[in-house]
Structures are given as structure tokens and as C-alpha cells.
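need a structure here:
(chains A, B and C)
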Amino acid sequence: MAIDVVVLVSIGRHPVSGRARRADADARAVELALGIAGAHVQLVHAGDPDEPALRDYLGMGANAVTVLRMGPEADPVSVLSAHLSSTKPQIVLAGTRAEGGEDSGLVPYLVAQALNTPLVPGIVSLSLVGERAEMLQGLPRGRRRSLVSPVPLVATVPVMAPAPRMSAFGLARRGTIAVKDADAAADAARTAWTEGPARRRPKRIKVMKAASAADRVRAVTEMAAGKGKVLQNVPPEEAAKAIFDYLVTEGIIQAKP
Amino acid sequence: MSEERIRRDPRAEREARRGRAPQAEDIPTPVAAEASPSGRVRRDPRAERAARTSRAAEPATAAQPAAAPESESGRVRRDPRAERASRTGRAAPAAPQPAAPAPAPSGRVRRDPRADRTAQRQAGVARAETASPVKTIADPKFLILAVPDLEDARLSSHDKDVIGAARGLADAGGGAVVVLAFTGPEGVKDGLDEAGADRALRFADVSFAGYAPERRAAAVLAAIQALNPRHILFPDTGVVGGDVGRRVAVSLGDRVASNVQRVAPDRITRRGRGGRADFALAPPRVLLIAAEAADPVIDERYEARDLPAPRIEALSHVEDRGLAATDPATVPMAEADFIVSAGNGVRDWDAFHRVAAALGASEGGSRPVCDAGHLPRHRQVGASGTLVEPRCYVALGIAGAPQHLQGISKVERVVAVNADAHCDMVKRADLAVVGDVQALMPALERIAKERRHGN
Amino acid sequence: MILLQGLIGICVAVGAACALWRARRWFRGRPAKVDFLRGLLRFPQSYFVDLHHIVARDPYTARMHVMVAGGFTAAFLLTLAVHLFDIDSRGLAWLLLAFLVLMGAGAAFVALRRRPKPARLSAGGFSRLPWSLFAFAAAFFLATLPKAGLVAPFAAFSVPGIVVLVLAAWGCAEMVAFLPLGPMKHSFAGAMHLICHPRFQRLGAARPDSGLKPLDLELPKLGVEAPSDFKWNQLLGFDACVQCGRCEVVCPAFAAELPLNPKKLIQDLARAVDPGASDAAYAGSPYPGRPVGQAHGGPSRPIIGDDAMIHPDTLWSCTTCRACVQECPMMIEHVDAIVDLRRFQALEKGAVPGKAPLVLAELRATDTQCGAALASRLDWAADLSLPLISAKGECDVLLWLGEGAFDLRNQRTLRALVRLMRHAKIDFAVLGEEELDTGDLARRLGDEATFQDLAKRNAATLAKYRFRRIVTADPHVFHSLRNEYPAFGARHEVMHHTMLLDELVSQGALPKGKSSAGKTTYHDPCYLGRYNGEIRAPRAVLDAIGVERVEMERSGMRSMCCGGGGGAPVTDIAGKKRIPDVRMEQARETGAAVVAVACPNCAVMLEGVVGPRPEVVDVAELLLQAVEAA
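Numbering: from 1, shown residues only, chains lettered A, B, ... in the order given. This next block holds a predicted model:
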């Protein structure tokens, strides 16, 4: 029996050009889904069915994407939850967060709540053993946690998951986009927000304490001109010790007390 | 730079060798200025280097060998000669007052991996001198709940930023910060008091360790019910704070503000549209704070009074089978935390593999080294290999071709060992050793084996 | 002699049947428009001029081939006259004897050439071939002696009669009856290939016909998956391969021991057409590092795959340098076949290795290979204040900057070029933000969709402005704009910067200076030299500034690739060595202090070679240094 796997996909934006494309984390979720043996993969998108970037997902080898048609700033949660409650997939995957709007990363949680299923965050692999999903959760610094959950479940896929395959033009062209009209309410709270271009935060070179203004000026100028420490004509033993001490000081490794 | 500075400052050095830690006023003006606990630096590696070298080296050279010759030897970069002197017993044991910091701060500083060690250390020294009093807020008007990740029972710099953000919200209106800490059975290794907690709600039970987002969310919800905080702040991290925070928000039926960039009582800024737009809005209850969105508390101490922790009943349907064994050698390069990388200067490959293993680092290599088959292709660092972002990158015998430097452009700490003092990698490095790589590798391996544990 | 007559007659009939049998497999391919009559009429010129020019690059082989092929063809026709139709003429018999002697001598050269067998030549049927040639020549020499009146006629069942019959049977079996199936297949398929060549316009063209043909993106299947997806005359072309191994000798990937051998590639493609195909019978050099005999295929089975006829690593090892095409005496189009195969992999499977998918994604999302903002293409030139054509509206030279504008190394070249143009007071402008990547890289990687999208948009931009010519310092851009954009409506005069610089130098538009560079060797970029035939201009510039110029063993049209073409740096297939290392070694052998380059890819690849090596400097940089010294 094929397991139904639904991947929630959104429209991403290239960070430089702003051009629409597949969202990175969602594409990784599709990649992960396509790699589950015995899975029947369906893609679901809430938004505009005419968005060409949707075809990027079809180009990965999924045959069809179901689009729940709704306005650009409408709230997708009720629409997605209603759809998924009726289709009852065993596994719902989504990227950890979208790239197109609020990017709150909350949708999978709300969907899991609506479907009353566990949510497992940040998985980088998933395989099915009977009715249970065996997963690896990606932790920082290359660590992985092994998790097992019964299905149905919702899981999110982070950008540390394996890279998505290339989207093939021919497959993208042939895939079908099935449109379902959805009744989505506009997101009322959003109207109170003001939106502007992302501002880069200034570099963090501050928090001066217990020093005079002159010291502060000096500290800042010296920082700007700074160079690394260079050890020359030092015996290997001492150089090695200096490196080791540096690594310990910087918290990279721990030394015995 | 600090090496030069040390050599140029024979007086401090002499003093150190004699074991006399000079008082601040003994030190000539520039050094004194640097010794002053000026703050913290991040994100600008050059500035950071400068700050560290200018601030860390001198007081360390001057004061610490005398203060705590053995236990502290590992934590500060300093003049090796001075240190040798201290170990060989030529240093006089008598420690003058300013160089005897309270044990707690120095211990905290040493063990804290990611926070600004230097600034903290300086703060510690400074506090010992000025003995900053504990700030208490007896009757807060409202509460701000901060939930740090406390991975490995340590406050990360991100955690400290979050508590700093909470501090800011509290201080703006006479509130107090409650830090909800999943401490693990051994307790938090850092001081919640110094991080800025007025109150501490500690959950030490082992059932909160490992994969326990449902239990953690239940604990936070119980705390919210008991304390009714105005805001709940989490670090917006992938599988800890970001996850628990979203669960809490969903349970509260609240909106969440994620990727929060700036925090003020009436207005926050959060990033959206794939990082291209900032939204300004009135803060919702649950705030997921981006790293460096706020400054951590520095040089102050709060009460961190323990509150009674409620009992939590929550089950998980998800079974945690524990951490999969991760071998640094198999960690994908892009995720590696600590990389020891080899270039053309490395000829003894056994020694290279041994030193990487002894340090517990992932192996990397320059293009020519991978071309020559000394390391597999997927270990190649650089524009044509992998762009890496470890916390530290040790480049052994790598001259630093532009394509290679491109691959480590985001690395904060670079250590270089190279025979050529003028190569680009030495210029890029925070710590560079000019010398023979072959001779250094076994020495480093020996020290690592002697002195390293765990990790 | 009725027996001999019967033998010849049967062999001719069997040969005709075998030819039809063999031709049947070509028609498993897709239809192609072929002007058969035109090909037939042009055949003598195609064969005796175009093909001979290529063969004659190896004089020994050329002489050998003239003797064997000429001797055999004439002898065979005369044999038909003398022995099959029994025309009784001493003159004809003597003539026949003469051609048989010529053929026999040629066969001796064939045999000598294989002793010891050079690695590039195949064994198998080819080892037998000299002896078959001897057998044919000897048999009919003996049989013709009586007809020439030199000896008395001998009976069929005498000793000489039986010797003649046995040798004639052997010779005719190889050279007539089973010619279309054995090593002599190349003569039959090769002739047909010349007549039905898929790039017919290439024959006799003044400059290389090297532009790729646009792919109709509306086709149900894009690119070539199975042999039956090739055009029939492409399949015919593969069959024409004589396994001479000239391609193998010049292939940069083979030299660096990447898993590619163009000869085996063509052989595998030729074999893949047969049901149950395998490469087991292949008797030449393998793909480096891969065993022979593991590959399997069939007319409708995918060609590319881990256990198919061709491994993906082989397909992606090619730098599209066209050295194989340049050398192939049978005029086979290797690069077209490789791009056809890549098109299927990229467009239908999305199976492109290494970092190529990332680069292609950036191209689609940002119109640059590195994912930079289009506006930042001019960042390096902030101090040069380059004029924008959108502000000027028209200019003499439209300077196309290319992806090199994002690369530190190549920015030095561009800077030199701009300063030279200013010295010469050229009215130039740049497109600035309006310049998109040409899509050249995407096209070589098989992503025709991305290429066509970029080409159409660039063509529309170019149509907006008036300029006399486009100049670029990137031969890949040069090739693309000059040879491949006309299909998208952009017909402009395009020059490589060395061509412009040569013009300026020869017109005296620049101060005459003397270069202080030491001994210099010029490395021809494939896309300038082999793809466009321009090997003179850069050398003329170097000579004009008094550079002591030395040539590498391989230079000009027969130069060797730096390894930077065809997307090879991004697909990054590993070999035992690296192509730029191999090429730099050739540069070192000249003792030159400077390798002059004229391509951003060559500059980056050759500068990436570690260890003591000549300095890598662009021709424009050398010229600027000389001009400023003046």
C-alpha cells in the first residue's frame, strides 16, 4: 500500500533578484519526499495557480501540484487544514519556513494542530517501517538525532537537509497543476503592519563599559586596523601549545581541568 | 599584533617573568587603555581580532600566570615565555589583589564556548575590581519570560542575546526577567544571574533533555499560566527555541513574531519575504528572536532568584532514539563545526590524519591536495569545493589561493600554519604560526592527546 | 576460372546485401533533411579535398591511405572488368597488376604502422586487416598474371589455382562481401557520411561551422535519451568511425585521465543501436579508469546510466573543446552528440552533476552564473565610469563584459582593455544592468531552455541600440553571440578583444611600445581558435609589441584545452590529473616566462596550477603594459 505523502510548497524568492522560484526548504522537503520508498507524493500549494515558479517543483519529478487558489495575502492555514483533513495523508512535509511573506514558520504547526498529529521539526531523512516513520533530525554542527513516530505526522524540513535535485524543464512543462478554489479569509492582523526593505544591522562593535570616551575611540580604531597574532621563530612545541590554547580559549575544544 | 606588542613591551613581560603582576597604573598608557574592559565584538573578524589581541593579551600576560598558574593556563592566549616561567616556578606565588578574580567568573568564562570570552573575562576582572552589586527587582510591574536553548547546559551567545532582549523589555517599564531554564540534571554551567535573570525557573528533570519539545512547551505553558508574563522570548533556532516557541504560540492561539530583528516595548521589527523585507508591528506575546537582535547583559549581575517549578505532565508520541553517532570525519563539510585543513605544505599524511583525530576536527583540504588524491574530493574547501562555516578553521600548509579564501569567507576564527610569513592565509588568520608544518603536527597531536578530553 | 568469377559475383551480391543490412540500423534514428543529390555531386570534393586535408596532417597515414584506398578501389573495379566480366585485355591486366602492387605496398605500410601497435589504434578486426589486404592483392595478382601473359594459365585445381581461390575468398570476404560489417565498414559508412553529413555546410566552409543548433523546446522529448533519438545521419556518422584514435590523442579529458575517450564514446554510440548491444568487442583504449565490457544498450534503451552504454561521468567529462571534431578524418561531430545527450539529461531528467545545478538555478533566478545582482556587474569599474549605451543610445563598440566582470582575475583584463580603448579613443559603451549572461554555459550543459530564454532577451536588448560591433574579452561570449545568436534574430558584427586590439595596433591607433615580458607562449582558447578560426590576431598583437614568442607543441587550431570549457569546472568530474596541469606542463616545456591568454576561463584555470609556473597574463594586459611604457 502506497503511503500518501503531501508536501506543502510555497513560492520562494531569490535573495538578490527577488525573482520567484521554488523555496529552498520546501524544495528540500520535496526531495526528501521523493526519496521515501513506497510513497505516493502529492504537492499542495495555497496561492496563485498561475505562478510559473510552481513548475520548478514539477520539474523535480512530482506529477502534479494541487493549488488551493487564494489571494496573495490571505491566510493559508484554514485552507490547507480543510484540504488535508479531507484527503488525510499519512505524512505532511513542509520546509521549515516559507520565503514569500511573513515567513513565520507557523503553518506546519497550525496544520498539525488542525489534523491533531505530532509535529517533528527539522528532519533531514525519513523512511517508513510499517506504520512508523523513522527520521533523523538535523542538529547544529552535523549532529543528528534519531526519532521514530507513528503516522500520520507533520514534519518540517530545514535547509540542512540534502540539496534538492535540479528542476528539469521537460518535466516541469509536462506536470499538471490542479486548481481548487478555496475560501480564504484575508489576514486582518497583517494590515496593521508596516513593511519596508530589510535593513542590515550595524556590525556589533560596541558595549564599552568602564572606560573613558578616549578609550572607546582608541579601541574602535585599533579594531579596524587589527591583524591576527603571528608567531614567528617559535619552536614547534610552543607553537602547538599556542594553537591548542587558542582553541581552548575560543571554546572550540575543551581541555582537561 | 599582540605578539609584536608583547615584544615591544619588555617591561610588562619582565614583570610577568618575575611573577609580579603589575597594577593597572604600572602599565604604560596604551596598554592600560587596552586592559580596560572595553566591550565585545562580533561579526567583524578583524575588529574582533584587534579587540581580542589588544585587550586579552596584556592583562593575561601580566596578571594571570601569577594568579592561577595551572588551572588557567589553558584559557588565555598569552606570552608563552611568561607562561613557561610561571610553570617552572620562577613566578612568585603571591597574587596581588586585582589579579585574583572571583572563582566563579573566571570559571564561567573559561567554559563558555561561544560568548564573547574576552569581554566576559574582562568584565570578570573588572567586576572583581569594582565589585558590582547584585541588582534586585523586588516588586516587578510585569514579567518577561525568556527561554534559552541551553544546549549542552550552556548559554549560547544567542541565548544571551535573547535574555538581553528580555532585559530591555523589562527595564523599559519596571518589569523583571524570568529565565525558564531546562538545565539538565547537572544544572546550568553559566550564571543566569550574570546573563540578566531576575528570577529563574529551573526544570532539571532528565525528561526535558533530548527530544522533548512537547514537554518543554507544556512547561512553558504552565509557567505562562502561573506567571502571566507579558512576553515570552525564545531564540529563533531550528529545533529548540524556534520549535518550542511555535508550539507555545499555537497552544496560546497567538500569532508568533519570528526572526525578530529589533525589540522595543511598543514596536518590533521582524524579517520576512525571504530576508528581503522588514515588518514593523506591535509585539505579539511570543517573540522568536534572531541572533544578535539585542545586546547581551554585560558586566552586571541580577538576582536570579529561583521560583518553584510546576510539575509537568505531557507525553510525546515521538520516540527519541538518541543522537546518532557523528564522526567528525563524516560530518558534511558545510555543517562541520571545526575543520583542520591541509594544503600543499602537508607531506606527512598520517600525521595530518592523527592530528585531526586528536583534535576531534573534520578534515578538509585545498584543491591541489584533493586533486592529488590525498583527501577525497568532497573534503575540498573553496570556491570549487565546499563553502564552509565552521567556528574555527585550522589551515595547515595552505597558502590561501583566492578560490580557497572564498570558501572560508564566513569563518570567524582562522588559525594558519605556514612556512611563508607573507602568504595570504597568514594575513587572513587570527592566529598564525610561521614555521614547519611537519614539525608542528606531531607536537599539536601530542598536546591534544595529553590535554583534551571529551568533545 | 568460373570458380573465381562465381566467387566475385557472390561476394559482390553478399556485399550489397550486407550494406543494406547495415544501413537499416541507421534508419532506427529520427528523420533528417538530407539533400542526397547535392551530397553525391559534392562527394569528390568532400573526399579528395576536405577529408584529405585532415588525413594529411599525418603524412605517413595519408600516403598509406592513398596507396591502399586508391590501389584497392582501382584494383577492385579492374578486377570486376578483368575477372568478373572477363574482358580480355592485356592492357587492363597490366594496369590491374600495377594497382595491386600499389595496394600491396600500402598494406605493408598498414602492417608496419601497427608494429608495435600504438595505443590509439584498435586491435580486433583491425589487426587482421593488413593480412586481408595482402590476401586480396596477392590472390588477384596471381590470378592476373596469366591474363597479362606473364605465365601460362593454370587450372583451378592446380596448386596455384587453389592458392588463388583461398586467398581470393579471404580477401573478397573482408574487402567485398563483409566490408560493411568489418573494419572496412568505414569506407562505406564514411562515404555515405560525407554525402549525408549532418553539418553539410561544414564541408569546404571558410571558417569552422561550430555553432550549436537550436533545439525546438516544443518537442515531446527534448534531447537524446536512446540511440533512436539521434537523427539517422548522426547514427550513420558514428558508424563511419575508423577507430584511428586521433581524437583520443588530442582529447584533454583523456590526457588528464578523466573517464572519457572520444573514440570509445563514438564506438559505444555506434554499437548502442543494436538490440542487446555491449561494448565487449571494443578493442581500443578504454575510458580511463573504467573497464571495458560492462556497458549494455539497445536501440530504445537509455544511453546514459551507471550500467548503460555510457556512464554519466563520461558524458560530463567533455570540455566541448572540439579537438576531436577538428582531428576526426571521418568528420564525425562528437560535440553535437555530447550536447544532444546532455540536453536530455538536463531538460528531461535534471541530472546534471556537481555544482552545475546551482549555477543553472542562479542563471534562471538572476541571469548571472554567480547569483550576483545585474547592477553589480560594473562594480569593479566604479572608478572608470564606463559609459552606458542606454545613456548614449549609440556607439561604435559595444563592450560585452560577460561573467568575467564578477571575477577578480578577469577584472584586470577588462580594465586593461578599457584603458586601451580609451588610449585609442574608441567610442564605446557597455550595457550595464541590461547585459544578461549569454547563456553559453547553460547551453553547453544541455540546458537549452535557459540558454534560449537568455538569448531571446539579450537579442531584444541588442535590437534596441545602434552600434557598429560588439567586442568581448570572453571567447565563449564571442562564439555565442557570433555563431549562435543569429538563430535568435541577433545578427551583429562580433569581435574578440584580440581582434580589435590587432586592428588598433595595425592601424597605429595605439602608441608603439615594447613589451618587457620575457619569453612568452600563447595559449589559444578553444572557442576563439578551433571554434572561430581566429589564431592570427592575438599572435599579431604579441608580435607587434616585440614579445619573444614561442609556440607550445600544440597550438593554433590544434591547441589543447585548459579544462575550463563545456561547464567542466562546474560539473567537476574527477580524473587522475587535472587538465590545466597537463596544459601548463606543455607551457613549461617551452621555457616561457609568460603564458599569454585571451579568455577568462583559461586565465582562471591556468592560474589555478600550483607550483613554479610561467605567469598567466592576458594579451590585453601585455599590450597595455607595452603601450604605457611607450
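
Residues of chain A that sit close to chain C?
A:14, A:16-17, A:19, A:21, A:59-61, A:163, A:165-171 (CB under 8 Å from any CB of the partner chain). Glycine gets a C-beta too; all of them are placed from N, C-alpha and C.

And the helices in the stretch 51-200 of chain C?
With DSSP state H, counting those that start in this stretch as the criterion, the stretch 51-200 of chain C has helices at C:52-55, C:59-65, C:71-79, C:90-113, C:125-147, C:159-172, C:185-195.

Which members of the residues of chain A next to chain C are positioned in strands?
Of the residues of chain A next to chain C, the ones assigned to strands by DSSP state E are A:Arg21.

and the residues of chain A next to chain C, which are buried?
A:14, A:16-17, A:21, A:59-61, A:165-171 (16 or more other CB atoms under 10 Å in any protein chain shown).

which of the residues you listed lies closest to chain B?
Proximity of those to chain B (CB to the nearest CB) peaks at A:His14, which lies at 7.9 Å.

that older thread, out of the helices of the stretch 51-200 of chain C, which gets nearest to C:Gly567?
Across the helices of the stretch 51-200 of chain C, C:Gly567 has its closest neighbour in helix C:52-55 (27.4 Å, CB to CB).

average pLDDT for the closest one?
Averaged over helix C:52-55, pLDDT sits at 93.

before we move on, what about stretch C:544-557?
Mean predicted confidence for stretch C:544-557 is 96.

That one: how far from the chain's middle?
Its chain's C-alpha centre and that of stretch C:544-557 lie 23 Å apart, by CA atoms, centre = their mean, to the nearest Å.

again with stretch C:249-268
Distance, centroid of stretch C:249-268 to centroid of chain: 12 Å (CA atoms, centre = their mean).

Domain map for the chain?
I went with chain A, as the question did not name one. Domain assignment for chain A by automatic domain parsing gives A:3-188, A:202-257.

Please refer instead to chain B.
Taken from automatic domain parsing, chain B resolves into B:2-130, B:136-307, B:333-451.

Point out where chain B drops to low pLDDT.
Within chain B, the stretches with pLDDT under 70 are B:1-132, B:453-455.

give me the beta-bridge partners of A:Gln232?
B:Val434 (DSSP bridges).

Could you report the pLDDT at it?
A:Gln232 carries a pLDDT score of 90 in this model.

burial count for it?
Neighbour count of A:Gln232, defined by other CB atoms under 10 Å in any protein chain shown: 13.

Which residues are in contact with residue 110?
Chain wasn't specified; assuming chain A. By CB atoms under 8 Å, 6 or more residues apart in numbering or on different chains, the contact list for A:Leu110 reads A:Val77, A:Ser81, B:Val250.

I was after chain C.
C:Met64, C:Val68, C:Leu129, C:Pro130, C:Leu133.

got it, and C:Asp396?
C:Ile426, C:Asp427, C:Phe428, C:Phe467, C:Arg468, C:Arg469.

Let's verify the fifth one: helix, strand, or coil?
For C:Arg468, the secondary structure call by DSSP: H, G, I helix; E, B strand; the rest coil comes out as strand.

and it, how many neighbours?
C:Arg468, neighbours per other CB under 10 Å, totals 14.

Please tell me the pLDDT value assigned to the closest residue in space to it that isn't next to it in sequence.
Nearest residue to C:Arg468 in three dimensions, chain neighbours excluded: C:Asp396, at 4.9 Å (CB to CB, 6 or more residues apart in numbering or on different chains). Note for C:Asp396: predicted pLDDT of 97.

what pLDDT does the closest residue to C:Val49 other than its chain neighbours get?
Distances taken as CB to CB, 6+ apart put C:Gly204 closest to C:Val49, at 7.3 Å, once the chain neighbours are dropped. What the model reports for C:Gly204 is a pLDDT of 89.

next one: phi and psi at A:Val154?
Dihedral pair for A:Val154: phi -110, psi 140, per degrees, to the nearest 10.

meant to ask about C:Phe478
According to degrees, to the nearest 10, C:Phe478 has phi -50, psi -50.

and the gap between it and C:Gly245?
According to CB to CB, to the nearest Å, C:Phe478 and C:Gly245 sit 31 Å apart.

Neighbour count: those two, which is higher?
Set C:Phe478 next to C:Gly245 and count neighbours by other CB under 10 Å: C:Phe478 wins out with 31 against 22.

quick one: contacts for the nearest residue to that one once chain neighbours are set aside?
Spatial nearest neighbour of C:Phe478, excluding adjacent residues (CB to CB, 6+ apart): C:His496 at 4.6 Å. Residues near C:His496 by CB under 8 Å, 6+ apart: C:Val471, C:Thr472, C:Ala473, C:Pro475, C:Phe478, C:Leu528, C:Asn532, C:Glu534, C:Ala537, C:Ala598.

Dig out what C:His496 forms beta bridges with.
C:Thr472.

Quick check: pLDDT value at it.
98.

swap in A:Glu250?
For A:Glu250, pLDDT reads 76.

how close does it get to chain B?
6 Å (CB to the nearest CB, to the nearest Å).

didn't that residue look like it was pressed against B:Cys392?
Yes - using CB atoms under 8 Å, A:Glu250 makes contact with B:Cys392 at a distance of 6.3 Å.

Mind listing the shared neighbours of those two?
Joint contacts of A:Glu250 and B:Cys392 (CB under 8 Å, 6+ apart) are B:Arg413.

which element is the residue nearest to B:Pro310 when sequence neighbours are not counted on?
Among residues not flanking B:Pro310 along the chain, B:Ala222 sits closest, at 4.4 Å (CB to CB, 6+ apart). Here B:Ala222, judged by DSSP states H and E, is contained in helix B:213-227.

So which bits of that helix are buried?
Quick answer for helix B:213-227 (16+ other CB under 10 Å): B:213-224, B:227.

Let's have those residues in CSV, adding distance to C:Val249.
What follows is those, written out as CSV (distance: CB to CB, whole Å):
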residue, distance to C:Val249
B:Pro213, 64
B:Glu214, 68
B:Arg215, 70
B:Arg216, 67
B:Ala217, 69
B:Ala218, 73
B:Ala219, 73
B:Val220, 72
B:Leu221, 75
B:Ala222, 78
B:Ala223, 77
B:Ile224, 77
B:Leu227, 81
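
Quick check: of these, which lies closest to chain C?
Once CB to the nearest CB is applied, the member of the buried residues of helix B:213-227 that ends up nearest chain C is B:Pro213, at 32.7 Å.

what about the closest one, distance to B:Arg246?
Taken as CB to CB, the span from B:Pro213 to B:Arg246 is 9 Å.
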